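**Student:** just a sequence and a predicted model for now, questions to come.
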Amino acid sequence: MTRWSHRHVLDLAAFSSHDYATVLELASRFHALPTAGARRLPALQGRLVTTLFFEPSTRTRSSFELAARRLSADVQSFSPASSALSKGESLLDTARTYVAMGSDVLVVRHSCAGVPAALARDLDQAGERVAVLNAGDGLHSHPSQALLDLFTLARHFAPEAPSPEALRGRRIVIVGDVLHSRVARSNLWALSACGAEVVLCGPATLLPQSFADFVAAPPPGQEHDPIAQRGSVRLERRLEDALPGADAVMTLRLQKERMRQHLITSLESYHRSYGLNHQRLELCGKPVPVLHPGPVNRGVELSGPLLDDSSCSLVEEQVRNGIPVRMALLYLLNG
Ligand code: ASP
C-alpha cells in the first residue's frame with residue numbers, strides 16, 4: 001500500500017491523490033483499534049518524537065503526543081517560556097539540540113509562516129535524518145488538521161470505507177475568517193484534491209476575492225501540482241447564498257489575535273450574518289454535519305445548542321479523529 005515519498009510534511013499542496021488515500025487508509029486502521037486495554041502498538045518503539053510549539057495549542061499538541069505514545073514512541077516537549085530561547089539561542093540551534101538528543105520527528109508550530117519549512121531545509125542541508133511535521137505555521141498551513149477534517153468527512157459520507165473518493169462532487173461550505181486561517185488554506189488543497197466543490201463564505205474583509213484562485217497554481221517553490229484535476233472553488237458573501245445544496249459546513253474561528261485592524265463591526269453583528277444555528281442550517285435543505293477546528297468562540301461562529309448537538313456537530317468527532325490521523329503521519333514519516 002505505502003508508496004510514501006515525503007521526508008517531511010509541510011504543506012498539502014505537495015500531496016498526491018495516492019498520499020491522501022494512504023493517510024486515510026492507515027488512519028482507518030488505527031481508528032479501528034480498541035482504545036481500551038492493550039492500547040499501544042510497537043511500531044515506533046525506540047523512536048523519539050519532539051513537539052516544538054512556539055504558539056499555544058490545546059488539541060494539536062496533545063493529540064500528536066498521544067498519537068506518538070500509542071505507537072510506543074518516546075515523547076519530548078519543548079515550551080518556549082522555560083527554554084534557552086529566552087537566553088538568545090536561535091530556533092535552528094534549539095531544533096538541533098533536540099536532534100542531537102536523538103529526535104526522529106520534530107512536530108513544529110510557529111506564528112510565522114514558513115518556519116517549519118526553513119527548519120526542514122536547514123536540517124536537510126546539515127545532513128540530519130530528522131523529519132519535520134508542520135503543526136501550524138502562521139496563516140500558511142496546518143496539514144494534520146485538514147487531514148483529520150478530511151478523514152472526518154470521509155467517515156461521515158462513507159463510514160465503511162472512508163477514502164478521498166467519498167468527497168468527490170460533495171459541496172463543502174467553509175464559513176468565516178478565511179483570511180487568517182491556515183486550516184482553510186490546507187483544507188482548500190485537500191478538499192479540491194479529492195474533487196469536492198468548495199464554497200467559501202465570508203465578508204470581503206475576511207475573505208478576499210483572490211481566494212477564488214487559491215488552488216489554481218502550486219505555491220511558490222513548487223514546480224507542478226500533483227493533482228491532475230481539482231474540484232472547484234467559489235466565493236459567496238451571504239450564508240443564504242452559500243448554504244443551499246451544501247453537504248457539510250465547516251466553520252472557522254475568528255482569529256482575533258491575528259487581526260491588525262478592525263475587520264468586523266462587532267461579534268454580535270458577525271454572529272447575525274455568519275454565525276450558524278439550527279435554523280440557519282436548515283437553509284442547506286437537508287440534514288448536514290457541521291465542523292469547526294476549535295477552539296470555538298461559542299455563540300459567535302456557532303450557537304451553543306448547535307455546537308452541543310451531537311446529531312449534527314462533528315466537533316468532538318474531529319478531536320477524536322485527530323489521533324489516528326496523526327498516528328498515520330508519524331508512522332509514515334518513520335518509514
Ligand atoms: N486550532 C487551529 C489552528 O491552530 C484553528 C484555530 O486556532 O482557530 O490553526
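**Tutor:** Looks like it came in fine.
**Student:** now do the contacts for the residue nearest the centre of the chain.
**Tutor:** Against the mean C-alpha coordinate of the chain, by Cα atoms, centre = their mean, the closest residue is residue 145 at 1.8 Å. The contact partners of residue 145, by Cβ atoms under 8 Å, 6 or more residues apart in numbering, come to 60, 136, 182-183, 186-187, 293, 322. Every C-beta, even on glycine, is put in place using the N, C-alpha and C of the backbone.
**Student:** and for whatever residue of the stretch 51-200 of the chain ends up closest to the ligand, the neighbour number?
**Tutor:** Here the stretch 51-200 of the chain gets closest to the ligand at one residue, residue 136, 4.4 Å apart by Cβ to the nearest ligand atom. Per other Cβ atoms under 10 Å, the neighbour tally for residue 136 reads 27.
**Student:** for residue 306, same thing?
**Tutor:** Should you count by other Cβ under 10 Å, residue 306 turns out to have 22 residues around it.
**Student:** what about the contacts of residue 145, which are in strands?
**Tutor:** residue 136 (DSSP state E).
**Student:** tabulate the contacts of residue 145 (TSV), appending pLDDT.
**Tutor:** TSV is the format used below for the contacts of residue 145 (pLDDT from 0 to 100):
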residue	pLDDT
60	97
136	98
182	98
183	98
186	98
187	98
293	97
322	98
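**Student:** rewinding a little: in this structure the residue of the stretch 51-200 of the chain closest to the ligand contacts residue 57, no?
**Tutor:** Yes - using Cβ atoms under 8 Å, residue 136 and residue 57 qualify as a contacting pair, with a distance of 7.5 Å.
**Student:** under the pLDDT cut-off, which ranges of this protein? List them.
**Tutor:** The model of the chain has pLDDT under 70 over residues 1-2, 36-38, 86, 260.
**Student:** how about the closest residue to residue 241 other than its chain neighbours, phi and psi?
**Tutor:** Closest residue to residue 241 in three dimensions, ignoring its sequence neighbours and counting by Cβ to Cβ, 6 or more residues apart in numbering: residue 201, at 7.9 Å. Here the main-chain torsion angles of residue 201 (degrees, to the nearest 10) amount to phi -140, psi 130.
**Student:** mind listing which of the contacts of residue 145 are in helices?
**Tutor:** Of those, the ones assigned to helices by DSSP state H are 60, 182-183, 186-187, 322.
**Student:** could you dump stretch 305-324 to PDB, C-alpha only?
**Tutor:** As requested, the backbone C-alpha atoms of stretch 305-324 are provided in PDB (Å, rounded to 0.1, in the frame of the first residue of the first chain):
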ATOM      1  CA  PRO A 305     -27.100  24.500  21.200                       C
ATOM      2  CA  LEU A 306     -25.700  23.600  17.700                       C
ATOM      3  CA  LEU A 307     -22.200  23.000  19.000                       C
ATOM      4  CA  ASP A 308     -23.500  20.700  21.600                       C
ATOM      5  CA  ASP A 309     -25.900  18.800  19.300                       C
ATOM      6  CA  SER A 310     -24.100  15.600  18.500                       C
ATOM      7  CA  SER A 311     -26.600  14.700  15.900                       C
ATOM      8  CA  CYS A 312     -25.100  17.300  13.600                       C
ATOM      9  CA  SER A 313     -21.900  18.700  15.300                       C
ATOM     10  CA  LEU A 314     -18.800  16.700  14.400                       C
ATOM     11  CA  VAL A 315     -16.500  18.900  16.500                       C
ATOM     12  CA  GLU A 316     -15.800  16.200  19.100                       C
ATOM     13  CA  GLU A 317     -15.500  13.600  16.400                       C
ATOM     14  CA  GLN A 318     -12.800  15.800  14.800                       C
ATOM     15  CA  VAL A 319     -10.900  15.800  18.000                       C
ATOM     16  CA  ARG A 320     -11.100  12.000  18.300                       C
ATOM     17  CA  ASN A 321     -10.100  11.500  14.700                       C
ATOM     18  CA  GLY A 322      -7.000  13.700  15.100                       C
ATOM     19  CA  ILE A 323      -5.300  10.800  17.000                       C
ATOM     20  CA  PRO A 324      -5.500   8.100  14.300                       C
END
